[in-house]
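Student: fold the stuff below for me.
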Amino acid sequence: MPKLTVNGIEVEVEDGASVLQACEEAGYEIPRFCYHERLSIAGNCRMCLVDMERAPKPVASCAMPAADGMVIDTQSERVKKAREGVMEFLLVNHPLDCPICDQGGECDLQDQAMGYGEDSSRYVENKRAVDEKHMGPLIKTVMTRCIHCTRCVRFATEVAGVPELGAIGRGENMEITTYLEKTLASELSANVIDLCPVGALTSRPYAFVARPWELTKVESIDVLDAQGANIRVDARAGQVMRVMPRLNEDVNEEWISDKTRYAIDGLKRQRLDRPYIRNADGKLQPATWDEALQAVGAQLKKAKAKGTAAIIGDQVDAEAIFAMKSLMDKIGSPHMDCRQDGAKLNAKVRASYLFNSTIAGVDEADAILIVGSNPRIEAPVMNARIRRNHLLNNVAIAHLGAHADLTYPATHLGDDISVLDEIANGDHPFAKVLSKAKKPMIILGMGALTRADGNAILGRAKAIADATGMVSGDWNGFNVLHTAASRVAGLDIGFVPGKDGLDTNAMLKAAQSGDVKLVWLLGADELDTSALEKTFVVYQGHHGDKGAAVADVILPGAAYTEKDGTYVNFEGRVQRGARATFPPGEAKDDWAIIRAVSAVINKTLPFDTREACRDAMIETVPHLGDVDEIAPSKWVKFGTSGKLASGEVTSSLEQFYMTCPISRASETMAECLRASKNDASLMAAE
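Tutor: Numbering: from 1, shown residues only. Modelled structure (predicted):
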């Protein structure tokens, strides 16, 4: 490990570290525009110049490897003049339109001009002007502001895996552009807005909406997929204005998906803000809370235990799931399920439904088999990790399912599930690849587990894991990729059928036949609601989506930005979200609604506050109190050895943008979906 001296301070850094990193290790800030820790070195902004002993001129610290014995000076007069000169050149063609720029208040160029620039410029010639570029409905471009740092180009190529951005021209005529003047075809595209150090790339939906100092900032967790990305929710006047990523190296690093960032405009559309009861004419009419609770209570008493069922949706917090299970236990009904898509998951064996390798463990895998999943649309931030692993280590990847562009090369094994038998028996060539690997991994998607033979597929995947040495020592390569943010918490809490209980598919059949009299949908919209036309439906949720359309009573709940809640992501990591705004109108927290219903039917739950509900939940499931921790799981028998049915295996999601009540209510997501389809049509026509 090299030792060097920075401003008289001796520091030791890891092999391969740059001089810039060594300077920061010594406690000295180095200005930069083009350098970013997660992107390749460009060395083209020259803002990070420092003096190095015996060097004839200042050196770019981002591109200079740290070496033993180096003597670095970051505060010399020559460094100061060099930085002032670089800043003057950067501002030569910059329009200086800070008062109308959305980057204002959060702009690296503003900050560094104040810290390292001069108070005047010697440049009197006319500034250049650059045409705006089309990058889709999410990214607004003002390319005259661009300083050619190329962060956006490197991100699109290296991280997102869509090399559609580049530079044309030379010198002052250089421009950053999309090659084909079409939407940037990535589920991670808007991260270039965060990367842009000036106002060249800003958020189109957020344009001229708010200034950063007007916003209340709350740290929370994303629930639009199951990865549990760490986010910051910025709100003003009771409305969510934007969502930004938070740094968490083990979960999402510093990236978030476009849906996480922009589906928030769906929070103010199609909202349920007061209770409703369906009248004798079949129309939903507004009601008071007391009337709605009494109606639900009367139907629960009428349906009795065997005629009552409950289904949990994809975005429900753990406290609400626990409250719902407590109520069902009090009623005595075994008919409950958190798997509204019918996935064949074994709640008794935690290792059978977790992403056991952890998200960070993707970086260590040296062979990956993906079955019935398209990580690019199901977990795009994690998919970027798989891509990075491939780029760095040339990891072998195979994909069983519908053909898809995963942003990295993968051997397509077809879409016939019988290939799993060949791999399990060792007859398939990729079985040898997995066996030779030191840390092999299988990723099992909901597209496989929601099939009728899902239990057999689960068993076959376990057999592959055992046969190829996926589970050994501190490595467990068996992974289930969920698409529902509430699924792991539901399984941990045990929101699955009890003795003689019905699962989701059986509940729907029983509802059609009249055996189930009342079905309580707690945020459940991704199921066949036509099967519920003959039963009494209680819908508790925050949007007027599929479930609300068939409801006899609607109980308005709070969305994820409007409540404090516990969530468990697909790797089993317990995380907590915080309230950024209050629910609209008369909507209430989900746990509180369930608690109120329990009092109406004289089966009062033993908690009156969210804290008391959470304490009771943690007492029942202790690991749910270990925030940012992953509880260990045992590798025991699960799945069945039944025959695999013929037929293709597909991904559980057909498209990325509109997959839940919030994103389906989002105009921005609708525009993104239209743009992606139009671009696909144009490419096909060409």
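
Student: report the distance from stretch 369-388 to the chain centre.
Tutor: 12 Å (C-alpha atoms, centre = their mean, to the nearest Å).

Student: equivalent analysis for stretch 314-334, please.
Tutor: With C-alpha atoms, centre = their mean, you get 25 Å for stretch 314-334.

Student: list the buried ones in that stretch?
Tutor: Under the neighbour-count criterion of 16 or more other C-beta atoms under 10 Å, stretch 314-334 has 314-328, 330-331, 333-334 buried. C-beta here means a position set from N, CA and C on the backbone, and glycine is covered the same way.

Student: got the confidence number for residue 682?
Tutor: Reported pLDDT at residue 682 in the predicted model: 52.

Student: got any ranges where the chain has weak pLDDT?
Tutor: For the chain, applying pLDDT under 70 flags the ranges 679-686.

Student: one step back: now, which of the buried residues of stretch 314-334 lie within strands?
Tutor: Using DSSP state E, no member of these sits in strands.

Student: what strand or helix carries residue 398?
Tutor: Here residue 398 sits within strand 396-400, counting by DSSP states H and E.

Student: okay, now the sheet partners of that strand, with direction.
Tutor: strand 367-371 (parallel), strand 411-412 (parallel) (DSSP bridges).

Student: so how far is stretch 30-50 off the chain centroid?
Tutor: Using C-alpha atoms, centre = their mean, the offset of stretch 30-50 from its chain centre is 28 Å.

Student: swap in stretch 87-97?
Tutor: Relative to its chain's centre, stretch 87-97 lies at 36 Å (C-alpha atoms, centre = their mean).

Student: can you give me the buried ones in stretch 418-431?
Tutor: In stretch 418-431, counting by 16+ other C-beta under 10 Å, buried: 419, 420, 421, 423, 424, 428, 430, 431.

Student: can you verify my assumption that the third one contacts residue 645?
Tutor: Put plainly, it is residue 421. No. Taking C-beta atoms under 8 Å as the definition, residue 421 is not a contact partner of residue 645, at 11.8 Å.

Student: helix, strand or coil for the closest residue to residue 531 other than its chain neighbours?
Tutor: Using C-beta to C-beta, 6 or more residues apart in numbering and skipping the chain neighbours, the partner closest in space to residue 531 is residue 508 (3.9 Å). Assigned state for residue 508: helix (three-state reduction, DSSP: H, G, I helix; E, B strand; the rest coil).

Student: got a markdown table for the strands paired with strand 396-400, with mean neighbour count and distance to residue 1 too?
Tutor: Formatted as a markdown table, the strands paired with strand 396-400 follow (neighbours: other C-beta atoms under 10 Å; distance: least, C-beta to C-beta, whole Å):
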| stretch | mean neighbour count | distance to residue 1 |
| --- | --- | --- |
| strand 367-371 | 27 | 32 |
| strand 411-412 | 14 | 39 |
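
Student: quick one: which of those strands is nearest residue 499?
Tutor: Among these, the nearest to residue 499 by C-beta to C-beta is strand 367-371 (31.7 Å).

Student: just the CA coordinates of the closest one, formatted as PDB?
Tutor: In PDB, the C-alpha atoms belonging to strand 367-371 read as follows (Å, rounded to 0.1, in the frame of the first residue of the first chain):
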ATOM      1  CA  ALA A 367     -21.900 -17.900 -12.700                       C
ATOM      2  CA  ILE A 368     -25.500 -16.900 -12.800                       C
ATOM      3  CA  LEU A 369     -28.600 -18.700 -13.900                       C
ATOM      4  CA  ILE A 370     -31.700 -16.600 -14.300                       C
ATOM      5  CA  VAL A 371     -35.100 -18.500 -14.400                       C
END
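
Student: give the burial count for residue 375, as a bare number.
Tutor: For residue 375, the neighbour count with other C-beta atoms under 10 Å is 27.

Student: use 45 as the first number for this chain going forward.
Tutor: Sounds good: first residue 45 from here, last item residue 419.

Student: what sits closest to it if chain neighbours are left out?
Tutor: residue 427 (4.0 Å).

Student: can you tell me the element the one you found falls in?
Tutor: Counting by DSSP H and E, residue 427 is part of helix 424-437.
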